[in-house]
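Enquirer: Give the three-dimensional model of this entry:
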Amino acid sequence: MESLVSKILIFRLKQLWRLFKQVGFARTFLLVIITSLLVFELPDLISGNGLLAVLIYPLIILPIHLLRKDQSFLRKLDLQKEIIFAGEYHSLILPYSLFLVYFQQWSAIVFGHLLITLILFLPSLKVEKKYQGNSPFIKWIPVNLFEWRSYMRQRKFFLLFSFVFMVLLSSNAIAISVAMLILAASFSEAFTHLESKELIEAYPRNSNFLWAKLKDHSMFIHLLFLPFYVLFLLFHLELWYILVLLLIITECSICFCLLYKYSWFGQAKSEIHNQIPFVIFFISTILFFPIGIAFLYFYWKKAINALPEYVKT
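Expert: Numbers count the residues shown, from 1 in each chain. Sure, this is the predicted structure:
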């Protein structure tokens, strides 16, 4: 048992080290600063709001569980994977629980860890890599938005869960806002691969390629979110400014994902490791909007320089 635990710990430490090398010291330092700012603001956010204090538990753990890619590896171990999940998830969330202990929010701690225990038994949403014909739901997405075709084919259950969650809790402004942020936070997964120059050349209106991509992807996402914008206004018209903020965060997230993707064009790689940079951007945009704008400007310049000369950006 001790040998198995030590192997898992060594495996996770190696993962963290590879992640640190990928992100780099500067970005890691920036992430620490942003996280510290978030922790500084957290008492004001959760004070007198027990629901939000509890929702932070699944907000952190649920995406990790649903999108983890090591389920097949864990099934080969001599220990039930749910036990491993329990140890990892409860340990990961422990600093937040200790934070709530300081504010004596005992019920939030109990309900939060209970939610995490229930999450252990949810299946992963990772789809095996095999060909699947486009379902009628996928076919309505334009071919030039192939990123969303692939994303929705693989994450349809996650999207269904998020949309149902928003509809059922649309009468609660915090719940629907958190659900929309969770969806926006998953956008980076749609842009993990860089298409070939032949696909870029074939893109409609490629005389202004980058602007056309930004416009088409923005229209698609906002049309997809339109029912929830309407629900928000129906139930929470007095909080319209929160909806405006959510719209801006959603739009900035789409722009960042596209600009970061094309900033890597021409570097002989097809897969883009954008999760950590996007997390840094996403959190910094929520906490301090000008930082997000600075990110967008930086990657806009990089994308323009990286795209080939035949694309007029």
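
Enquirer: list the contacts for Asn49?
Expert: By CB atoms under 8 Å, 6 or more residues apart in numbering, Asn49 lies in contact with Ile174. Every residue, glycine included, has its C-beta placed from N, CA and C.

Enquirer: And it, how far from His113?
Expert: According to CB to CB, to the nearest Å, Asn49 stands 19 Å off from His113.

Enquirer: Ser91 too?
Expert: 11 Å.

Enquirer: Between the two, point out the one with more neighbours.
Expert: His113 (18 against 9; other CB atoms under 10 Å).

Enquirer: roughly how far apart are that one and Leu92?
Expert: Counting by CB to CB, the separation of His113 from Leu92 is 12 Å.

Enquirer: Kindly report the same for Phe220.
Expert: 34 Å.

Enquirer: Mind checking which of the two has more residues around it?
Expert: Phe220 (17 against 13).

Enquirer: May I ask you to confirm that the more buried one is in contact with Asn144?
Expert: No - between Phe220 and Asn144 there is no contact under CB atoms under 8 Å: 9.9 Å.

Enquirer: Just the pLDDT at Trp106, thanks.
Expert: As predicted, Trp106 sits at a pLDDT of 87.

Enquirer: continuing past the one helix or strand in the chain whose mean pLDDT sits lowest, what's the next helix or strand?
Expert: Taking mean pLDDT, DSSP states H and E as the measure, the chain has helix 25-46 as its least confident helix or strand, at a mean of 60. Moving toward the C-terminus from helix 25-46, the next helix or strand (DSSP states H and E) is helix 50-67.

Enquirer: elements contacting that following helix?
Expert: helix 25-46, helix 81-102, helix 106-119, helix 173-185 (3 or more CB pairs under 8 Å, 6 or more residues apart in numbering; DSSP states H and E).

Enquirer: Tabulate the ones you listed (TSV), appending distance to Gln154.
Expert: Listed next are those as TSV, based on distance: least, CB to CB, whole Å:
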stretch	distance to Gln154
helix 25-46	27
helix 81-102	21
helix 106-119	20
helix 173-185	15
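
Enquirer: most neighbours per residue, which of those?
Expert: helix 173-185 (a mean of 19; mean count of other CB atoms under 10 Å).

Enquirer: how distant is that helix from the center of its chain?
Expert: Helix 173-185 sits 11 Å away from the centroid of its parent chain (CA atoms, centre = their mean, to the nearest Å).

Enquirer: Show me what it is packed up against.
Expert: Judged by 3+ CB pairs under 8 Å, 6+ apart, the packing partners of helix 173-185 are helix 50-67, helix 156-168, helix 209-236, helix 240-262, helix 275-287.

Enquirer: Would you single out the least confident of these?
Expert: Between the helices and strands packed on helix 173-185, the lowest average pLDDT goes to helix 156-168, which shows a mean of 69.

Enquirer: Confirm for me that Glu195 is in contact with Phe146.
Expert: Yes - counting by CB under 8 Å, Glu195 touches Phe146, with 7.5 Å between them.

Enquirer: who are the neighbours in contact with Leu122?
Expert: Neighbour list for Leu122: 62, 65-66 [criterion: CB under 8 Å, 6+ apart].

Enquirer: Torsion angles phi and psi at it?
Expert: As for Leu122, its main-chain torsions (degrees, to the nearest 10) stand at phi -80, psi 140.

Enquirer: Can you tell me how far it is from Asp70?
Expert: Counting by CB to CB, the separation of Leu122 from Asp70 is 15 Å.

Enquirer: cool, and Phe163?
Expert: 27 Å.

Enquirer: Of those two, which one has the most company?
Expert: Taking other CB under 10 Å, Phe163 and Asp70 do not tie; Phe163 has more neighbours (16 against 13).

Enquirer: And the more buried one, how far from Ile61?
Expert: With CB to CB as the criterion, Phe163 and Ile61 are 20 Å apart.
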